[in-house]
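> Structural data only, the sequence is not supplied:
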């Protein structure tokens, strides 16, 4: 799956004179997260949205666009909030996060306190550690410089790097770093200890930095500087988060210009995971304490415009704690993500706005017709291209925390180890499945074959769609097999665990004893195979299942001899044997076509072939986890 960065194209015949769109986008089918046929709004068309006042229609267009890319899923990340330092050299007029040294007990949060918080969060299912901090406080405050020196660091970023490394190694949580503007060296060092980073653009308007405006006196809020950091992140392949803050004195046109600046960077590099639309909240004891907050219509308008500008593939986020009671309207405007939500720590940037309870957030999302699913700080489409977007030092932790699609793994179930399957989604009603999934299910039940992309749609189903798929599968099982579940009494006989392939996922094969601490290599004799077959038959087994490693000394005759041994010892035993690789090896060593070698195996007494060792039939994946294997060899 590739992250596409489409060319700038106008809407052509889909744009009306009033600026509205047919259905919000050029219609197209969804394949993975790539929306076929959709073309982004050109800059002129995007700027024209500033004159749109039909907010309800804009929201409908945006919601349709969102559904093309994200279907019935709205995501969030379960996080802990780490305010590593509240000292900052900037003086934004609306901020209560930044403090002066005399108003806080310590300049920097101690590492031990950070680790304890992250471990407590992990126990509650958190998978993200959000690092938020003021920018370059050591340039303004002697207290910051002295505290850093006492900790053994020169700069705040040096301290962030070490704390994030400890969190990653000791807790397994994936750090997301909001550290403001960064140099190349700083970002490269942070890339090795984090899964993602971010910086809020807030606004691309330099007017807001003028005297009397909210960013006056805050050099790090210069939009040119912040956009340079954004581009640097793209150049260094850092999955990045950004967004705009509305209601701080900007115009609607300036919001669109800010969104277009973000889009331009993303189109160059493809690194923006999400765009946040955050509404200003007035806070006491700030210069903007009496400033009016944007109303709901203003927020809905901006969310819808952001969706139409970025299209169906970009995640558009709105913080749920800043708009309590109206979350359904935000979903209806085109968002697909709530951002980070913590069951443990408060929102230190907006302390007056507590996080919603996760159960209530799920209910509110469900009331909007969507399913709330958990993601990592790294979005799924970036995790599936981890070799591009993640440092090798971070990849193992990220993959361990994710499921097969790149979403957060929310349970401890492991195939072959866990005794009970998770049941949280197994009773969702069929009636809630979206029409496209319901149609595919009906076709399956009618015996109609599905195309590969349609099968993939069912495999990716979540929430009510997933419930519908398993309910339909159970219905089909009853139709085909009734309520009878069959089994066979068999014995597994692994005649060798020596294998010259080096599949990274295999815990069975062994190399030489000096290279391997997992167990001694073995190659059992024909006499031992005979003994095990006779013992199994006497205990009631009717089948032997036999597979082994790809032993370098084995030939096709070896496999024929194994069958002969079983047939002589237990003539009536059903022989279920040999992986695709073993069959390939046998044919190769005897210089026979596969079909001829299979015929010889059958004539010798082989009854059936197991299919369990085909394992992975996708070249890209196979090259990663089993580079010495190949689809050709698997037959």
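Thanks, I have the structure now. Since we're looking at a predicted model, the values are computed, not measured.

> any weak-confidence spans in the stretch 451-600 of the chain?
Within the stretch 451-600 of the chain, the stretches with pLDDT under 70 are 504-519.

> try it again with 50
512-514, 516-517 (pLDDT under 50).

> same check, this time on the stretch 201-350 of the chain
Looking at the stretch 201-350 of the chain by pLDDT under 50, you get an empty list.

> Helices along that one, start to end?
Assigned by DSSP state H, counting those that start in this stretch, the helices in the stretch 201-350 of the chain fall at 223-235, 252-269, 296-310, 327-332.

> now for those helices, which one comes closest to residue 125?
Nearest to residue 125, of all the helices of the stretch 201-350 of the chain, is helix 327-332, at 21.1 Å by Cβ to Cβ. Any C-beta I mention is one placed from the backbone N, CA and C, and that applies to glycine too.

> Okay, buried residues for the closest one please.
327, 329, 330, 331, 332 (16 or more other Cβ atoms under 10 Å).

> okay if I get those as CSV plus distance to residue 403?
Shown next, in CSV, are the buried residues of helix 327-332 (distance: Cβ to Cβ, whole Å):
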residue, distance to residue 403
327, 25
329, 30
330, 26
331, 23
332, 28
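
> Closest one of those residues to residue 552?
residue 331 (58.8 Å).

> show me the residues around that closest one that make contact.
Going by Cβ atoms under 8 Å, 6 or more residues apart in numbering, residue 331 touches 63, 74, 365, 368, 369, 370.

> what about 7 Å?
74, 365, 368, 370 (Cβ atoms under 7 Å, 6 or more residues apart in numbering).

> Equivalent analysis for residue 248, please.
Residues near residue 248 by Cβ under 7 Å, 6+ apart: 94, 208, 214, 280.

> excluding its backbone neighbours, what's nearest the third one?
In this case it means residue 214. Nearest residue to residue 214, sequence neighbours excluded (Cβ to Cβ, 6 or more residues apart in numbering): residue 93, at 4.3 Å.

> Now for the spatially most central residue of the chain: which residues touch it?
Nearest residue to the geometric centre of the chain (Cα atoms, centre = their mean): residue 380, 2.6 Å. Going by Cβ under 7 Å, 6+ apart, residue 380 touches 405, 406, 407.

> re the thing from before, highest neighbour count among the contacts of residue 248?
Among the contacts of residue 248, the one with the most neighbours (other Cβ atoms under 10 Å) is residue 214, at 25 neighbours.

> if I pick it, what's in contact with it?
Here residue 214 is in contact with 92, 93, 94, 208, 248, 249, 288 (Cβ under 7 Å, 6+ apart).

> Test my guess that the fourth one contacts residue 215.
Same thing as residue 208. Yes. In this structure residue 208 lies within contact range of residue 215 using Cβ atoms under 7 Å: 4.8 Å.

> re the thing from before, CSV please, covering the contacts of residue 214 and showing distance to residue 461.
Shown next, in CSV, are the contacts of residue 214 (distance: Cβ to Cβ, whole Å):
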residue, distance to residue 461
92, 44
93, 47
94, 42
208, 44
248, 41
249, 45
288, 46
